[in-house]
Each structure stands twice: as structure tokens, then as C-alpha cells.
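In: Sequence isn't available, so here's the structure alone:
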């Protein structure tokens, strides 16, 4: 008798999911084009656009000069003429020269024209730490964009969401700032890209993540609320807390704008306690906004003050110090210890 073996499902990286999402969007819509610094021949510094120029040609995926404001401004003109540009800002802090174009034009065009002119632009921004990067390479700048009316802000935390959310962003009629946690690029999951493609192409509105947070771990005692690069730390902290008899629920916001208030209320009303976990500095941050919403909407459900575990209010530190700067399991568990546990 011949023994049979069961082959484990193939694992897909976060980067491959993004690359496939771009390719599928370009295949589906001839108006989708990808451009930015080194995204063409090189395939991007993180290789997210690898192979797109060879497959679709230099008119659909091409390199630009090192001029972020020019990249964003060109995207405006192309969108006004019926195209769907997907632009890459090579690193989070490199995007700052483009802020005037993004804030003054990309975000405001629909309002300026009373909704008659929409700009379907995706601004891809690798962000966050955890890769040993130096200053200007590890910022978490999501609050700037979330504060700007007229922009959607997406940030996936799983391989499946990387594919589905990027496809959704490209299909959006309005501008989307798509934050990609760079430390997750080479993370893997047992997921089939063919299945994700079929799932999205079959009924994209049914799998949409816009404004829909996801409970990635059920719990009853406390809610850990996070997004993007910090979700994995929240999950690991929840697993560690379970050993101490604390049942922690983890909520992945997925999209910061639009914001899923219903999911936020549901988890906090269920557990009565909340800790917000995010890499960005805590002062005047997305984490601050989440805490404010919990206080406003769930005050009578709270058994303890809402706490935050965030990056410190300093410029991003040198690589040797980033493990102390970023939210980690120990810092999250310390926050859980500070909660009021006596009824």
C-alpha cells in the first residue's frame, strides 16, 4: 500500500497579494496606471510593482522623477481625463512634499465641483516601523490624511485584506490614501490568490472592507482596538493575556476613514474596557480620536478609563531603539494591568 500525504496549502506573502491586486486591477480596467519613483524597471524598493512594466508596458507602469508633488499633480490631471492613477510614495515621510497637492486639490475636488468631478486616485504609502529604518523611513503619518476631509484612509493588516482592500481602493470613485505596513510585506498566510480574485470579481460589494472593522479575536473582558502594523502586536498580547485569565477581544479597524463606529461600540459595550494600540505618536493622533469616540458613545458601558499604547511623542528613533518605541506585547500587558478590574 502506498502512503498518501496531504500537501499544506501554499502560503502567500502580503507583498504578493498587493502585487497581484495591482495586476488584476490593471487587467480589468485599461484606465488603471501605476507610477512613482523606481516602480517601473526595478519594481519598487519593496518589489510591490515587480513585473508590471514587463506585463503592461511603460505607458501603464513607469518611473517618475524624484518629485512627489509632481507625481501627485500628474495624478490629478490624469484622473480629470478619465484615468485611474495609482501612485506610490516610496516611504511615508517622502510623501510630505506632495501634501499641498493632496490637501488642496485631490481631497477637495469633489466638494469644489459639487460632486460633478471625482478623482479616483490611489496614493500608496509604505509606512510604520519594525524594519530597522532610519529617520524619514518609518513615520506613521495617517493622522494628517485622516484629518483631511475628502480623503479615504485604508490600512490592511492581513494578506487577504491586502489584496481585497487594494482592489477596492482602485475601484473607488474617490481618492484613497492606502497605507501599507512595510514590516508586514514579507509576512505570510495560507490564502489562495485565485480564491481572493474569484471572491472579489464575483461580488466586490459583498467583500468590501470600507467602513467595516473586523473582530480578529473574540474576547469578553477587554477590547484591544488597533489597525495596520499594530494589529499583530494586539493579537499576541491577547494570547499572552489569556494565560493570566484575561479574555481580550481584538478589533482591526481596517479603514480609518470611513470609520466603523458601530463595530467600535459593539466591542466596547461587550467588554466594558478598551485599550487602543497604534504605532504613531499618541498626541493628537488617530488613537486620540478613537478614545474620544469611545468616551462619547460608550461612556456608560465603561468599567475603566480608556487607555492608549502608542509610539512616544518623539521623532522616529534610531534602529536600536525602535523596539522600545513601538507598541509591543509587554507594553500592552502593562496597560491591561492598569485597568480597573474590580466591579
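Out: Structure received. Keep in mind it's a predicted model, so treat the numbers as computed, not measured.
In: Grab the longest strand from the protein for me.
Out: Secondary structure of the chain per DSSP state E: the longest strand is strand 274-281.
In: by contact count, what packs against that strand?
Out: When contacts are defined as 3 or more C-beta pairs under 8 Å, 6 or more residues apart in numbering; DSSP states H and E, strand 274-281 packs onto strand 222-226, helix 231-242, helix 286-298, strand 307-311, helix 329-338. From N, CA and C alone the C-beta is placed, and that goes for glycine too.
In: JSON lines please, covering these and showing mean pLDDT, mean neighbour count and distance to residue 150.
Out: Shown next, in JSON lines, are the helices and strands packed on strand 274-281 (pLDDT from 0 to 100; neighbours: other C-beta atoms under 10 Å; distance: least, C-beta to C-beta, whole Å):
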{"stretch": "strand 222-226", "mean pLDDT": "98", "mean neighbour count": "29", "distance to residue 150": "25"}
{"stretch": "helix 231-242", "mean pLDDT": "97", "mean neighbour count": "21", "distance to residue 150": "26"}
{"stretch": "helix 286-298", "mean pLDDT": "98", "mean neighbour count": "19", "distance to residue 150": "17"}
{"stretch": "strand 307-311", "mean pLDDT": "98", "mean neighbour count": "22", "distance to residue 150": "26"}
{"stretch": "helix 329-338", "mean pLDDT": "96", "mean neighbour count": "16", "distance to residue 150": "34"}
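In: Note down every partner strand of the longest strand of the chain and its orientation.
Out: Counting by DSSP bridges, the strands paired with strand 274-281 are strand 222-226 (parallel), strand 307-311 (parallel).
In: and it with helix 231-242, angle?
Out: 140 degrees (axes from the mean of the first three to the mean of the last three C-alpha atoms, to 10 degrees).
In: Residue 247 touches residue 224, doesn't it?
Out: No: judged on C-beta atoms under 8 Å, residue 247 makes no contact with residue 224 at a distance of 11.1 Å.
In: ok so, going back, between the helices and strands packed on strand 274-281, which one is closest to residue 163.
Out: helix 231-242 (16.4 Å; C-beta to C-beta).
In: The next helix or strand after that closest one pairs with which strands?
Out: Moving toward the C-terminus from helix 231-242, the next helix or strand (DSSP states H and E) is strand 248-252. Strand pairing for strand 248-252, determined by DSSP bridges: strand 214-217 (antiparallel), strand 222-226 (parallel).
In: circling back to that earlier point, quick one: which of the strands paired with strand 274-281 is nearest residue 140?
Out: strand 307-311 (6.8 Å).
In: what's near enough to touch residue 49?
Out: By C-beta atoms under 8 Å, 6 or more residues apart in numbering, the contact list for residue 49 reads 19, 22, 34, 39-40, 43, 61, 88.
In: Format these as TSV; extra columns: secondary structure, neighbour count and pLDDT.
Out: As requested, those are exported to TSV (DSSP: H, G, I helix; E, B strand; the rest coil; neighbours: other C-beta atoms under 10 Å; pLDDT from 0 to 100):
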residue	secondary structure	neighbour count	pLDDT
19	helix	24	98
22	helix	28	98
34	strand	27	98
39	coil	27	97
40	coil	20	96
43	coil	18	96
61	strand	27	98
88	strand	29	97
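In: Look at residue 303 and say how many residues are nearby.
Out: Applying other C-beta atoms under 10 Å, we find 15 other residues in the vicinity of residue 303.
In: And it, what's its pLDDT?
Out: pLDDT, residue 303: 96.
In: Starting from residue 274, give me the distance back to it.
Out: Distance of residue 303 to residue 274, given as C-beta to C-beta, to the nearest Å: 10 Å.
In: out of the helices and strands packed on strand 274-281, nearest to residue 75?
Out: So among these, helix 286-298 is nearest, using C-beta to C-beta, at 24.4 Å.
In: Low-confidence stretches in the protein?
Out: Counting by pLDDT under 70, the chain contains low-confidence ranges at 1-9, 204-207, 343.
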